[in-house]
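[1] output the structure for:
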Amino acid sequence: MVPRVARGPTPYWRLPLGGAALLLLLISVAAAQEPSGAACSQNTNKTCEECLKNVSCLWCNTDKACLDYPVTNVLPPASLCKLSSARWGVCWVNFEALIITMSVVGGAFLLGIAICCCCCCRRKRSRKPDRSEEKAIREREERRIRQEERRAEMKTRHDEIRKKYGLFKEENPYARFENN
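    Residues are numbered from 1 along each chain as shown. Presented below is the predicted three-dimensional model:
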């Protein structure tokens with residue numbers, strides 16, 4: 001067997017892995033960023049933009065409070081701030097909208113990958129029959145040929161028996177009456 005050599009464009013599964021690695025790198029860089037010198041609580045009752053200059057801060061719109069982001073949780077707990085009024089990174093996106101948007105985008109992405117996989121499998125399957133299908137077609141053809149041979153053999157045997165007993169079918173059975 002010849003070893004398979006990768007040809008053509010990058011496989012589809014490598015692209016999401018590269019994107020995930022880039023996202024993890026950006027998150028780690030953002031987490032490693034030093035705070036801008038001031039604690040988050042000092043920016044309470046100021047603007048959202050001033051609070052979010054520090055990446056470790058979370059802005060709560062309901063009480064105009066700048067809070068330390070709870071790094072132990074992925075999402076801030078409801079006791080700290082409701083998701084609909086919590087802001088992190090940018091002031092115009094709340095966590096609730098972010099979760100819904102990311103869910104829709106992620107679902108569409110997974111659906112797209114599933115559709116691509118199904119299309120690729122169908123295309124690969126329809127290009128040529130696999131070995132079992134080829135074997136079944138070949139066996140069917142061999143059976144048909146043997147059946148035709150048996151049928152021809154039976155016909156010759158029956159013709160010989162008819163000829164022996166004078167029951168042979170004539171080409172034109174009415175020919176013997178025409179001479180009279």
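
[2] helix/strand/coil for residue 46?
    Classification of residue 46 by DSSP: H, G, I helix; E, B strand; the rest coil places it in coil.

[3] neighbours of it, just the number please.
    By other C-beta atoms under 10 Å, 12 other residues sit near residue 46. For glycine as for every other residue, the C-beta is placed from the backbone atoms N, C-alpha and C.

[4] what does residue 59 give?
    Neighbours around residue 59, by other C-beta under 10 Å: 28.

[5] surely it touches residue 50?
    No: the criterion here is C-beta atoms under 8 Å, and residue 59 misses it with residue 50 at 9.2 Å.

[6] please enumerate the shared neighbours of the two.
    residue 66 (C-beta atoms under 8 Å, 6 or more residues apart in numbering).

[7] ok, now which ones touch residue 99?
    75, 83.

[8] roughly how far apart are it and residue 118?
    28 Å (C-beta to C-beta, to the nearest Å).

[9] then residue 112?
    Residue 112 is 11 Å from residue 118, by C-beta to C-beta.

[10] so, low pLDDT: which residues of this protein?
    Low-confidence segments of the chain, defined by pLDDT under 70, are located at 1-38, 124-129, 168-173, 175-176, 178-180.

[11] what about the strands in it?
    Under the criterion DSSP state E, strands of the chain are mapped to 57-60, 65-68, 86-88, 90-94.

[12] need those in CSV with distance to residue 79, can you?
    Formatted as CSV, those follow (distance: least, C-beta to C-beta, whole Å):
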stretch, distance to residue 79
strand 57-60, 11
strand 65-68, 11
strand 86-88, 12
strand 90-94, 17
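
[13] closest to residue 133 out of the ones you listed?
    Closest approach to residue 133 among the strands of the chain is made by strand 90-94 (53.5 Å; C-beta to C-beta).
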